[in-house]
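# pasted the sequence and its predicted model underneath.
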Amino acid sequence: MTTPTHHNPHKGVWSWLTTTDHKRIGLLYGVSALVFFLIGGSEALLIRLQLAAPDGTILSADAYNQMFTMHATTMVFLVIMPAAAAFTNYFLPILIGARDVAFPRLNALSYWIYIFGGLFLTISFFVGGAPDGGWFGYAPLSTQVTEIVRMDYWALGVQILGLASLLSAINFITTIFTMRAPGMTMMRMPVFAWMALVVAFLLLFSLPMIAVGLFEVFLDRNLGTLFFNAAAGGTPLLWQHLFWLFGHPEVYILILPAMGIVSEVLPVFSRKPLFGRSFVIFSGIAIGFMGFGVWAHHMFVAGLGPVAEATFALTTMFIAVPTGVKIFNWIGTIWGGSLRMKTPMLFSLGFIAMFVIGGLSGVTHSIVPADTQQTDTYYIVAHIHYVLFGGAVFGLFSGIYYWWPKVTGKLLSEGLGKLHFWVMFVGFNLAFAPMHILGLEGMPRRTYRYPKGLGFEFWNFISTVGAMTIAVSILVFLINAWRTRTHGEIAGNDPWDGRTLEWTISSPPPEHNFDVVPVVHSEDDFWHRKYTEDADGNAVAIPGGGAPLVAGPDDPPIHLPSPSFYPLLAAFGMFLVVLGLVYVPVGLILAGIGVVTVVWGFFGWSMEPLTREAH
Amino acid sequence: MAVSMDHTEHAGHPDMSNVRKVAMWAFLGSECLFFGTLISTFLLYHNTTGDGPTAKEIFSVPFTSVSSFVLLMSSLTMVLAHHAAGRKDWRRMRVWLLATAGLGLVFLSGQAYEFTSFVHEGLTVTTSPFGSAFFVLTGFHGGHVAIGVIMLLATTLMSFTGRLRDGEGMNVELVGLYWHFVDIVWIVIFTVVYLLQV
């Protein structure tokens, strides 16, 4: 057996810049997503302050356009996707019993491209204004005014963020298909790992379509191509198709990781296996497939004709079925369980409740005549926030509270955690429930102010109060997180009496994850090592905590990926390329330097040795 | 403990060449959608020629057939290179890899000539949506061929250092997968963009 007494000097900024450890990259993703969450949240607060009263004067129309564009772009591409990537990076290898992802350096490259992409989008604020054409950048609005480079920043920024996600997707797919521990069959994989796999495939097949669309926007703006130029015979509607062909799978890319987290949390805090486990998995797969067949419900007012509208109305109704299956399975999991109302559980239950509301308002979009009334009103804004905040963000916070002790070795305070949950829950509903009413009363989205006397005053004010309440709850979370540094209770290996492999190892996990590669015998393997059943089917603890993990007959030696500077270098080169492309033709010099840097990065990458042995 | 019964999956240290192959297939799956979207854009605009030349007026099918044939033959030489690598016949492998790269360069030269002549006949990216879609689609394909040529040359160079034999870095099979994919995409483009339009 290998004795893992490996201690390297893993300190200092340089070790983080060159890390290829999936756990450190996961942490980097998590912290970066949190920083962007605060930035995107501040943008949201400015929007709400502007709308708190009629004829708001805090933001100009121009600044307001930048705020709503960047709020959405930031929250979608720089917060929720990377937060899901943080969990996937940190926990996917551990959940399937692997010591790292398939391509550690590629993983680092994804992270650094993401960081430079986020930086690229954000610096646009300081060089003549941020993107202002809405987060879905509809042509010809996004292609017409080429003297102002804001939408170049948007097209190129989203392009390289997409590249980062594509590389991650390839990495995770390969990891799941080739690196599972002995006995970890596909159907024994934790549901979170399954949802990560579905998300990876959604990214793999949807990103290339938006990539083509973004190239076409960029070329229309800078090379004079005519893809979206109606005067020359181009079709702006093509952009809508390309965007939503990506954009609707993207919705599931954002929500499925949260569904995976909830599917891990509920069984642990109900002390029951996930009800209808394979149904949950296959529903996730069904959502993945059907997610590619509903995009045009975003375009019902574009005039697609009755056949297309009827078709997409039906597919939109159908996709609610697998989602509903999951919700009933989660309720079935809680039903009759011995519930422990810890903070992760509260967030998961909050997720279910809020997501049901968001899901139902989503189904109302499938009724074409109703959708025609809802389009571009605050009703849509309410819906998207119920699924992406009430859904994805609540699910992600559930994951943060659930896995925090594993990552840091210390528990977050339960009292502050519950305070965080309830303040956020109340604030969230105050902020977004009124938007349903505002929308149905006809308040259009993306207008920077509204006049007195239309009946919008009261609910807008309530909504702003709600947004402030959410900000307070985030402050509570930050205090809680900071407090654990000094006051956190030591977690131990298994603070929640967990069911999956991550709870078998120390908190925080050792660099190589597993001293021996675990041999898996069943789903929820760790639970079955700890508990057996009596004659009535009740769980009975095995004395002494049950059997330890044992090495298989051909336990592999521990290989750790070497740290590498080249992913950072190559990502920096890509940053120079996109920055140069914004300012063509002069910027082509900078882009050229960027290309050389990328080539240098990849050359160094291919020449350095792959792994070091643990001694 | 009886662990061998459950030992259905291979252990946690997989064969790296297999891992790379899975990754390459995943990447090529993504590429299908990339070219599928470009081809769809072209089909949307194939008749939107404005005042510019139409497909019928400008395409020379005999010329493009020859360059398509050259690219098809490069898949044959790629197979021969892969076969030689399997027999560890490094000298033949290098010969066939370079032959494949050479045929790829001939194809690219043909494309460069074709683009130049189209521009002279009045079709550019800014002439019509047809022109935009044609040049962007075939241009992205040409870019893929160029990257393939670089991969072929890099693989040939790496075979001298011995890195190839250890299964590290790019290996011939991966380059082959990519090359055949780019070739198949061209068959679709040649059929849809050239043959069906004239």
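Nice, thanks for sending it over.
# got a pLDDT number for residue A:583?
The score at residue A:583 is 93. That number is its pLDDT.
# is it true that it touches residue A:590?
Yes - when contacts are counted by C-beta atoms under 8 Å, residue A:583 is listed as touching residue A:590 (7.5 Å). All C-beta spots, glycine's among them, are computed from the backbone N, C-alpha and C.
# may I have the phi/psi pair for the closest residue to residue B:135 other than its chain neighbours?
Spatial nearest neighbour of residue B:135, chain neighbours left out: residue B:125 (4.8 Å); criterion: C-beta to C-beta, 6 or more residues apart in numbering or on different chains. The phi and psi torsions at residue B:125 (degrees, to the nearest 10) take the values phi -60, psi -20.
# OK, contacts around residue B:125?
Contacts for residue B:125 were tallied using C-beta atoms under 8 Å, 6 or more residues apart in numbering or on different chains; they are A:219, A:223-225, B:131-132, B:135-136.
# let's go with 7 Å and repeat that
Contacts were defined as C-beta atoms under 7 Å, 6 or more residues apart in numbering or on different chains; by that measure residue B:125 touches A:223-225, B:131-132, B:135.
# the closest residue to residue A:96 other than its chain neighbours in helix, strand or coil?
Using C-beta to C-beta, 6+ apart and skipping residues adjacent in sequence, the residue nearest residue A:96 is residue A:180, 4.6 Å away. For residue A:180, the secondary-structure state derived from DSSP: H, G, I helix; E, B strand; the rest coil is coil.
# residue A:180 and residue A:95 touch, don't they?
No - at 9.6 Å, residue A:180 does not count as touching residue A:95 under the criterion of C-beta atoms under 7 Å.
# now do residue A:67 against residue A:48, distance only.
With distances taken as C-beta to C-beta, to the nearest Å, residue A:67 is found 10 Å from residue A:48.
# please apply the same query to residue A:389.
According to C-beta to C-beta, residue A:389 stands 13 Å off from residue A:48.
# what do you get for residue A:345?
Summarising the geometry, the distance separating residue A:345 from residue A:48, computed by C-beta to C-beta, is 30 Å.
# can you list the buried residues in the host helix or strand of residue A:142?
Assigning secondary structure by DSSP states H and E places residue A:142 in helix A:141-144. Of the residues in helix A:141-144, those scored as buried under the neighbour-count criterion (16 or more other C-beta atoms under 10 Å in any protein chain shown) are A:142-143.
# just the CA coordinates of it, formatted as PDB?
Output in PDB follows, covering the C-alpha atoms of helix A:141-144 (Å, rounded to 0.1, in the frame of the first residue of the first chain):
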ATOM      1  CA  LEU A 141     -29.300  46.300 -32.200                       C
ATOM      2  CA  SER A 142     -26.000  44.500 -31.500                       C
ATOM      3  CA  THR A 143     -24.600  44.900 -34.900                       C
ATOM      4  CA  GLN A 144     -25.500  48.400 -36.000                       C
END
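# pull the distance from that helix to the chain's centre.
28 Å (C-alpha atoms, centre = their mean, to the nearest Å).
# what do you get for stretch B:191-198?
Going by C-alpha atoms, centre = their mean, the spacing between the C-alpha centre of stretch B:191-198 and its chain's C-alpha centre is 19 Å.
# can you give me the buried ones in it?
Neighbour-count burial for stretch B:191-198, with 16+ other C-beta under 10 Å as criterion, is recorded at B:192-194, B:197.
# and chain A, which of the residues you listed reach it?
Restricting the buried residues of stretch B:191-198 to those adjacent to chain A (criterion: C-beta under 7 Å from any C-beta of the partner chain) removes every one of them.
# let's have those in a markdown table, adding distance to residue A:310 and pLDDT.
Putting the buried residues of stretch B:191-198 into a markdown table (distance: C-beta to C-beta, whole Å; pLDDT from 0 to 100) gives the following:
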| residue | distance to residue A:310 | pLDDT |
| --- | --- | --- |
| B:192 | 29 | 95 |
| B:193 | 33 | 95 |
| B:194 | 37 | 95 |
| B:197 | 33 | 83 |
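# mind putting those in a markdown table, distance to residue A:53 included?
Listed next are those as a markdown table, based on distance: C-beta to C-beta, whole Å:
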| residue | distance to residue A:53 |
| --- | --- |
| B:192 | 57 |
| B:193 | 57 |
| B:194 | 62 |
| B:197 | 60 |
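# tell me how far the closest residue to residue A:437 other than its chain neighbours lies from chain B.
Setting aside the residues directly before and after it, residue A:437 is nearest to residue A:459 in space (C-beta to C-beta, 6+ apart), at 5.5 Å. Here the criterion is C-beta to the nearest C-beta, to the nearest Å. By it, residue A:459 lies 41 Å from chain B.
# and the closest residue to residue A:52 other than its chain neighbours, what's its pLDDT?
Across the structure, with C-beta to C-beta, 6+ apart as the measure, the residue nearest residue A:52 apart from its sequence neighbours is residue A:464 (3.9 Å). Note on residue A:464: pLDDT of 97.
# likewise residue A:1?
Here, the pLDDT recorded for residue A:1 equals 36.
# go on, residue A:559?
78.
# burial count for residue A:592?
Taking other C-beta atoms under 10 Å in any protein chain shown as the criterion, the count of residues near residue A:592 is 13.
# what's in contact with the host helix or strand of it?
Secondary-structure element containing residue A:592, defined by DSSP H and E: helix A:588-607. Residues outside helix A:588-607 that contact it (C-beta under 7 Å, 6+ apart) are A:105, A:564, A:566, A:569-570, A:572-574, A:576-577, A:579-581, B:169.
# let me see the mean pLDDT of that helix.
pLDDT averaged over helix A:588-607 gives 93.
# in it, what's buried?
Neighbour-count burial for helix A:588-607, with 16+ other C-beta under 10 Å as criterion, is recorded at A:590-591, A:594-595, A:597-598, A:601-602, A:605.
# dump those residues into JSON lines; add distance to residue B:59 as well.
Output for the buried residues of helix A:588-607, formatted as JSON lines (distance: C-beta to C-beta, whole Å):
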{"residue": "A:590", "distance to residue B:59": "38"}
{"residue": "A:591", "distance to residue B:59": "32"}
{"residue": "A:594", "distance to residue B:59": "36"}
{"residue": "A:595", "distance to residue B:59": "32"}
{"residue": "A:597", "distance to residue B:59": "39"}
{"residue": "A:598", "distance to residue B:59": "35"}
{"residue": "A:601", "distance to residue B:59": "40"}
{"residue": "A:602", "distance to residue B:59": "37"}
{"residue": "A:605", "distance to residue B:59": "41"}
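# point out where the stretch 151-300 of chain A drops to low pLDDT.
Within the stretch 151-300 of chain A, no range satisfies pLDDT under 70.
# if we can go back for a sec, what is the helix holding residue A:142 packed up against?
In this structure, helix A:141-144 makes packing contacts with helix A:191-222, judged by 3 or more C-beta pairs under 7 Å, 6 or more residues apart in numbering or on different chains; DSSP states H and E.
# what helices or strands is the helix it packs on leaning on?
Against helix A:191-222 (3+ C-beta pairs under 7 Å, 6+ apart) you get helix A:81-95, helix A:141-144, helix A:150-178, helix A:236-270, helix A:277-290, helix B:16-45.
# could you identify which of the ones you listed is most buried?
helix A:81-95 (a mean of 27; mean count of other C-beta atoms under 10 Å in any protein chain shown).
# next structured bit after that helix?
Remark: after helix A:81-95, the chain's next helix or strand is helix A:104-123, criterion DSSP H and E.
# that following helix - what's its average pLDDT?
Averaged over helix A:104-123, pLDDT sits at 96.
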